[in-house]
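In: sequence first, predicted model second:
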There are 2 protein chains.
Amino acid sequence: MPPRRPTQRDIAERAGVSTATVSYVLSGRRGGVKPPPPETRERVLRAVAETGYQLDHAGRSLRRQRTDVVALMYPAPSSPWSDRLAEELQVAAAERGFAVVALPVITSASGAAILRVLRQRYIDGAVLLPDCPLDGPELTALAAQGQALVVFDDDLEPDGFDVVRQHRSSACRAATERLIAAGHRRIAVLAHADDHGRPLADVKLRSHLDALAAHGIPADPGLIRPVADSRSDAYAAVRDLLRLPDPPTALLSATDRAAVDGIWAARDLGVDVPGGLAVIGIGNIPEGLMISPPLTTVGAAALDFSREVARLFERLDAPAALPGVELATPWELIVRASG
Amino acid sequence: MPPRRPTQRDIAERAGVSTATVSYVLSGRRGGVKPPPPETRERVLRAVAETGYQLDHAGRSLRRQRTDVVALMYPAPSSPWSDRLAEELQVAAAERGFAVVALPVITSASGAAILRVLRQRYIDGAVLLPDCPLDGPELTALAAQGQALVVFDDDLEPDGFDVVRQHRSSACRAATERLIAAGHRRIAVLAHADDHGRPLADVKLRSHLDALAAHGIPADPGLIRPVADSRSDAYAAVRDLLRLPDPPTALLSATDRAAVDGIWAARDLGVDVPGGLAVIGIGNIPEGLMISPPLTTVGAAALDFSREVARLFERLDAPAALPGVELATPWELIVRASG
DNA sequence: CTGAAAGCGCTTACAG
DNA sequence: CTGAAAGCGCTTACAG
């Protein structure tokens, strides 16, 4: 037996009704029209049970011109933030009969395939976390084609899609300023890596360099290490930095994870934190509260995406296209004990 | 202007050709038939560029009876393992023109919605990591309907789907046996939590209790804490355990993360690891190599899913349904310095 | 209350 | 080399 799935036509024949009736029973009727009476209903449901019929998504979404699927797109690897957003999205989606898929973006691999998911209407809408590889024109085009989009970005202008402002740049600058104000002049940086394994000049690193420049402090390239995405590399890098003849007195890390490893490296070398090395991370993950001393960091105060999720579904529910708006969930400097 | 997307019909009119030709240009022809000549091709591509036409996934997949999408399903939150598998899947999928979606299962929320993605043919196939909420009959039914499935499970029999054996139970038992052999009798356990916040009697906890029973060692319920999924709770739980009048001498944790926090709690209290507290985790995440002392753990030796991914695409490429097979990627006890 | 029929956007044998 | 036409599995105005 070939794996042919039964269709509504099979159910209709079996139940002695039309395919219209099958559809009415299974999916209801629009506009408050009465559903089929119990006897009809039961005949259909029996046929469904007997055959193991399952609705076919392609047929339905072609006809309805919607997929009832939303996506969450984020740069891999996942984080407590992306995990939390996935969860909130799933709860809200379940209430409305939507399914949620996650789209982790792996820089080297994903490219075209992941864009196809948005462009070719696999989904009705998406929340895009920061640093997804989509530019303004692309987002505008997607929005114009009807995709509901809520995009975390500090620079793009809303244009048929909504933009969530985090003001990451000023929050990151505040971290460096705090270190400078405390007298630090040699500040090591654990940065993200670019494709060539060099420090990535992203908003985090640029904010730091801007703050240094604003205070006339020269940046020492030797103190900038592209290890923020690897726990083991971060540990080793900080260990090496602390063994330098002229070691840094402070550490700014593009990720909280690497900052935590930096604290471990310092502790394992007997260097006091923050006395011997002040440490500030970026991201505000829950783990930062667990380390001793607790991690000073930069990030959103609360692990809460309810407004952004609600906005996505407002878009999805709206009868006509909504104009793009700005939402604000600003990052802040969260001072704890490590720096 | 309503956001009507152009269709191949629009492109055909604009280029003065038939929709068949448009499709041939955009999607090629089966069976080595020659593609349209350059002039035709160019007219079509120009119309595509002018209108911003994008293929519609619903139309194509309804006609082709396949979606060219595969999924990775895993219990949330994500882990280095699920991240790595997503990456490998994405690389393999990109080569074949498939898109990858991740389906994190959040126990409370997901249920029905996530099953719909499999049942209603949103996707052509999936890899299911351990502890996804699908039973044997369900998987058999999905496989019979043509879904390509590779399922991590130690108990299910393959039946139209493939099963990856990890032998988690015997590997976990080996961890407890090692502690017992080293003379430990009071072994604390950081377990997963069930829906009521009590220790979840999963394969990890059961293996531990079995090993204790086999050696006639009574289990002390007071030593079993449901904190394996929360870093902060794990730290606090271990701190409290170590302050007990009769503290445990060893710790087995259902997750490496919680084990690492346990080591931190011990170190912060001045308790030597493994001298004062032997610690063994489960999961073998890279972070376990970073802590001092390096974490003894239970898990797969390598962060490598190439065989499982290859098998999924074998299924997808096969002209007829393949019988289910067993693959083996056994977990092992990985002895490092912590216990 | 129910059914016949059109059509969503594609692909693909088939005819010319 | 290209087009007319059928059909994938649904949903839904409309007629009876």
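Out: Yes, it's here. For clarity, every value in this text was computed on a predicted model and none was experimentally measured.
In: give the full set of residues in contact with the nearest residue to A:H57 once chain neighbours are set aside.
Out: Closest residue to A:H57 apart from its sequence neighbours, by C-beta to C-beta, 6 or more residues apart in numbering or on different chains: B:Q120 at 4.2 Å. C-betas here are computed from N, CA, C, even on glycine. By C-beta atoms under 8 Å, 6 or more residues apart in numbering or on different chains, B:Q120 lies in contact with A:54-57, A:60.
In: would you format the residues you listed as a markdown table with distance to B:H215 included?
Out: Formatted as a markdown table, these follow (distance: C-beta to C-beta, whole Å):
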| residue | distance to B:H215 |
| --- | --- |
| A:Q54 | 49 |
| A:L55 | 53 |
| A:D56 | 55 |
| A:H57 | 53 |
| A:R60 | 57 |
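In: just the ones of these in helices?
Out: A:57, A:60 (DSSP state H).
In: among the contacts of B:Q120, who's most crowded?
Out: Most neighbours among those, by other C-beta atoms under 10 Å in any protein chain shown: A:H57, with 23 neighbours.
In: distance-wise, check that one relative to DNA strand C.
Out: 12 Å (C-beta to the nearest atom of the strand, to the nearest Å).
In: residues touching A:A328, list them.
Out: A:A328 touches A:164-165, A:167, counting by C-beta under 8 Å, 6+ apart.
In: where does chain A have its least confident helix or strand?
Out: Ranked by mean pLDDT, DSSP states H and E, the helix or strand of chain A with the weakest confidence is helix A:111-119, at a mean of 87.
In: which positions in it come out as buried?
Out: Going by neighbour count (16 or more other C-beta atoms under 10 Å in any protein chain shown), the buried part of helix A:111-119 is A:113-119.
In: can I get these in a markdown table with distance to A:A12?
Out: Output for the buried residues of helix A:111-119, formatted as a markdown table (distance: C-beta to C-beta, whole Å):
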| residue | distance to A:A12 |
| --- | --- |
| A:A113 | 37 |
| A:I114 | 39 |
| A:L115 | 39 |
| A:R116 | 35 |
| A:V117 | 33 |
| A:L118 | 36 |
| A:R119 | 35 |
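In: which parts of stretch A:331-339 are buried?
Out: A:331-334, A:336, A:338-339.
In: swap in stretch A:94-108?
Out: For stretch A:94-108, by 16+ other C-beta under 10 Å, it's A:94, A:98-106.
In: hmm, the longest helix that chain A contains touching chain B?
Out: The longest helix of chain A (DSSP H) is helix A:80-95. Yes - contact of helix A:80-95 with chain B (C-beta under 8 Å from any C-beta of the partner chain) involves A:80, A:82-83, A:86-87, A:90-91, A:93-94.
In: output that helix as PDB, nothing but the C-alphas.
Out: Provided in PDB are the C-alpha atoms of helix A:80-95 (Å, rounded to 0.1, in the frame of the first residue of the first chain):
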ATOM      1  CA  PRO A  80      17.800  32.300  27.400                       C
ATOM      2  CA  TRP A  81      16.300  35.200  25.500                       C
ATOM      3  CA  SER A  82      15.400  33.400  22.400                       C
ATOM      4  CA  ASP A  83      14.200  30.400  24.500                       C
ATOM      5  CA  ARG A  84      11.900  32.700  26.500                       C
ATOM      6  CA  LEU A  85      10.600  34.500  23.400                       C
ATOM      7  CA  ALA A  86       9.800  31.100  21.800                       C
ATOM      8  CA  GLU A  87       7.900  30.200  24.900                       C
ATOM      9  CA  GLU A  88       5.800  33.400  25.000                       C
ATOM     10  CA  LEU A  89       5.200  33.200  21.300                       C
ATOM     11  CA  GLN A  90       4.000  29.600  21.700                       C
ATOM     12  CA  VAL A  91       1.600  30.400  24.500                       C
ATOM     13  CA  ALA A  92       0.000  33.300  22.600                       C
ATOM     14  CA  ALA A  93       0.000  31.300  19.300                       C
ATOM     15  CA  ALA A  94      -1.700  28.300  20.900                       C
ATOM     16  CA  GLU A  95      -4.600  30.500  22.000                       C
END
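In: how far does that helix sit from its chain's centre?
Out: 10 Å (C-alpha atoms, centre = their mean, to the nearest Å).
In: what lies in contact with the helix or strand that it is followed by?
Out: Sequence order places strand A:99-105 as the next helix or strand after helix A:80-95, per DSSP states H and E. Outside of strand A:99-105, the residues within contact range by C-beta under 8 Å, 6+ apart are A:68-78, A:82, A:86, A:89-90, A:93, A:110, A:114, A:117, A:123, A:126, A:132-133, B:71, B:83, B:86-87, B:90, B:101-104, B:113-114, B:116-117, B:122.
In: now do the same end-to-end measure for stretch A:292-307.
Out: 33 Å (C-alpha to C-alpha, to the nearest Å).
In: what of stretch A:53-60?
Out: 14 Å.
In: so what touches it?
Out: Residues contacting stretch A:53-60 (C-beta under 8 Å, 6+ apart): A:5-8, A:10-11, A:26-27, A:47, A:67, B:58, B:61-62, B:67, B:119-122, B:145.
In: list only those of the contacts of strand A:99-105 flagged as buried.
Out: Applying 16+ other C-beta under 10 Å to the contacts of strand A:99-105 flags A:68-78, A:82, A:86, A:89-90, A:93, A:110, A:114, A:117, A:123, A:126, A:132, B:71, B:83, B:86-87, B:90, B:101-104, B:113-114, B:116-117, B:122 as buried.
In: still on that earlier bit, the buried residues of helix A:111-119 into JSON lines, with extra columns for distance to chain B?
Out: Output for those, formatted as JSON lines (distance: C-beta to the nearest C-beta, whole Å):
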{"residue": "A:A113", "distance to chain B": "5"}
{"residue": "A:I114", "distance to chain B": "7"}
{"residue": "A:L115", "distance to chain B": "9"}
{"residue": "A:R116", "distance to chain B": "6"}
{"residue": "A:V117", "distance to chain B": "5"}
{"residue": "A:L118", "distance to chain B": "9"}
{"residue": "A:R119", "distance to chain B": "5"}
